[in-house]
Every structure is written in structure tokens, then in C-alpha cells.
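A.B. asks: what's the 3D shape of this:
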Amino acid sequence: MARRSGEATREEIRVAAARLFRERGFARTSVRDIAAQAVINPALVIRHFGTKELLFLETMSFTIDDEPLFDVPLEQFGERFIEVLLADDDIRGVYLALVRGSNEPRIKGRLQAVHERTFVEPVRRRLTGPDADIRARMAATVVGGLLYALWVVEDEGLAHASRPELITRYGALLQQALTPT
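C.D. replies: The predicted model follows:
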């Protein structure tokens, strides 16, 4: 068997870890599992990343493409945001992995950063007025509630709703939070 370069080994570890963390979460994924998936010695995982937690933090991140969010008038932003969010399958796995690992302080910090960077900031950029920040944060809680219900507790009623219905209804809730009183 040919030897891999350090960079190739590092990338194989990242790919294996990302897949396992999304499937199993932080606590149920061991360094040995990651190494077995990457077909390497477990010591190499630690050599390349230091700790399982640092590897998790490096592999579990996501962003939402802001461009489609700025292509619509503010009055249509709620539906468009929910549509973009539900269309990205990668978000579900990373979101669940972050939530499941949030009892670890650094992972909780990453979840807070994702909340701020992915949900609050894109919304705040679209708003004006002295209450823009609170409206953006309230809108983020609407989004967080949807993700929690769909992916953490797997609410059967919502799970069976059609994507267009979720977009319309949650878009309206989000739009209401965005609208100044």
C-alpha cells in the first residue's frame, strides 16, 4: 500500500470525522471510529488535530448563502429565508451535531457563533430602525424553533407537512418577527 502524504491523511480524517459526527454526534463518535473510517492509526488523528473536540470544531461548521436572501424585497424575506434554510441538506447534520455536543463549552461556543453568524447577522443586515437587533434575534428564535421541532424532537405533524406549507407558514411567522410594531 502506498503511503499517503500528511495533507492527504489530514483530509481523509476530516472527511471521515465529518461524516461520523453528522451521523452519530460528538459523544457517540470515538477517535478509533474516525481512524477506522479513514483507514489509519488512531494516533494520527491526535497528531493531526490534537483532540477529538478540536477536530469536531474544525469539521462542524456551515454557512447560508446570503446572496439569495438579498435578491428579494424585505416583504418576501421570511419565506425566502425558510426556503433557503430547508433546501440545504448539510445544515441538518451540522446543526444536530452542534446541538448534541453543546454540553462541551467550546462546542456550545461554536453553536452560539453559528446562531449569530448564520441566523442573526444576515437578518439584521436587512433591517433598519432602533429595534433592528431585537427583531433579528426574535426572527432567529423562530428559525431555531423550526429546526428544533423538525430535527431534534422530530415533530411528526411538522415532519409530514409539505415543504411549501412549512415555507409559507414559517415564512409568515418569520416575517411577523421582522416587521416593526
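A.B. asks: downstream neighbour of the longest helix anywhere in the chain in the secondary structure list?
C.D. replies: Taking DSSP state H as the criterion, the chain has its longest helix at helix 6-24. As assigned by DSSP states H and E, the chain's next helix or strand after helix 6-24 is helix 31-38.
A.B. asks: list the buried ones in that following helix?
C.D. replies: 31, 33, 34, 35, 37, 38 (16 or more other CB atoms under 10 Å). In this view, the C-beta of every residue, glycine as well, is placed from N, C-alpha and C.
A.B. asks: cool, and stretch 79-87?
C.D. replies: By neighbour count on 16+ other CB under 10 Å, the buried set for stretch 79-87 is 79, 80, 81, 82, 83, 84, 85, 86.
A.B. asks: Give me the average confidence score over it.
C.D. replies: Over the span of stretch 79-87, the pLDDT mean works out to 87.
A.B. asks: Contacts for that stretch, please.
C.D. replies: With CB atoms under 8 Å, 6 or more residues apart in numbering as the test, stretch 79-87 has contacts from 64-65, 68-69, 71-72, 91, 122-123, 139, 143, 146-147, 163, 166-168, 170-172, 174-175.
A.B. asks: If any of the residues you listed are buried, give me the ChimeraX selection for them.
C.D. replies: Selection of buried members from those for ChimeraX, criterion 16+ other CB under 10 Å:
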select :64,69,91,122,123,139,143,146,147,166,167,170,171,174,175
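A.B. asks: In helices, which of the contacts of stretch 79-87 appear?
C.D. replies: Reading helices off these with DSSP H, I get 68-69, 91, 122-123, 139, 143, 146-147, 163, 166-168, 170-172, 174-175.
A.B. asks: Run through the chain and note the low-pLDDT ranges.
C.D. replies: 1-4, 63-70 (pLDDT under 70).
A.B. asks: Got phi/psi on the most centrally placed residue in it?
C.D. replies: Nearest to the geometric centre of the chain sits residue 95, at 3.6 Å (CA atoms, centre = their mean). Main-chain torsions, residue 95, degrees, to the nearest 10: phi -60, psi -50.
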